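S.K.: Test case, fold it:
(one chain, ligands or ions: 1)
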Amino acid sequence: MACRECDTLQRIPLVAPGNKVLCRECGSFLYRHPKGGIDRPLALMLGGLLLYLLANAFPLITLDIGGISRDTTLASTGWALYQHDMKLLGILVLATTVVAPGIIFGGTLYVLTGLRWRKPLPGIRSTLLLLSHIHPWEMADVFIISVLVALVKMSGMAEVIVGGGLYALLGAIVLGIAARAGMDIFLLWHMLEGLPAQRHALERGSDAGEAA
Ligand SMILES: [Zn+2]
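M.R.: Numbers count the residues shown, from 1 in each chain. Coordinates of the predicted model:
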């Protein structure tokens, strides 16, 4: 592993839960093995996925203007932009608020399930590789802030009813952050390498793993 601060290359041991590893040259933080292993992030991610599904199923907000009410769901925000000649922006909003969080919740849960029960599930390696790259494209938390700003601005013009979907999305984001705080991508790769039937495939693709 290369140190993020001083670039020193060093071989990192897998330490016991509750310990952290520091750079041997400059002493900066490299990774932490959280207490409780991956049970806690697994439970948090499962809760996050369920809330995320609810967030997609129920309206985020309902606007009532002169007796005409209109629901807004997570997917309909991007779709509305797409229909109003802002196709690229619509696709970007859909990708960052619906598709990316969905892949992150589903994919992380898949990888954690395989690692927890030591099963080399099909595609588990490519899923972890995908997860290592997709995180910058998850913007659900930015989306929440913009919804809140819009809520305040519109509250003078229309009656705004906050729907169950918005609470569920908020909960999903909090659980996702908590789950990520309790797991380390280095640790996941390390555990993946320890899976029984993965060894041969790993030796062939070890360059890709190191690049991640
Ligand atoms: Zn260093």
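S.K.: Only the buried residues of stretch 133-147, if you could.
M.R.: Residues 138-140, 143-144, 147 are the ones in stretch 133-147 that count as buried (16 or more other Cβ atoms under 10 Å). Where C-beta positions appear, they are placed from N, C-alpha and C, glycine not excepted.
S.K.: Quote the end-to-end distance of that stretch.
M.R.: Start-to-end span of stretch 133-147 (Cα to Cα, to the nearest Å) is 26 Å.
S.K.: Give me the residues contacting it.
M.R.: Residues outside stretch 133-147 that contact it (Cβ atoms under 8 Å, 6 or more residues apart in numbering) are 60-61, 77, 93, 95-97, 100-101, 103-104, 107, 166, 169-170, 172-173, 177, 212.
S.K.: I'd like the distance from it to the chain centre, please.
M.R.: Mean-position distance between stretch 133-147 and its chain equals 9 Å (Cα atoms, centre = their mean, to the nearest Å).
S.K.: Likewise for stretch 82-93?
M.R.: Taking Cα atoms, centre = their mean, one finds stretch 82-93 lying 23 Å from the centre of the chain it belongs to.
S.K.: tell me which residues in that stretch are buried?
M.R.: 82, 90, 93.
S.K.: gap between the two ends of stretch 28-47?
M.R.: First-to-last residue span, stretch 28-47, Cα to Cα: 33 Å.
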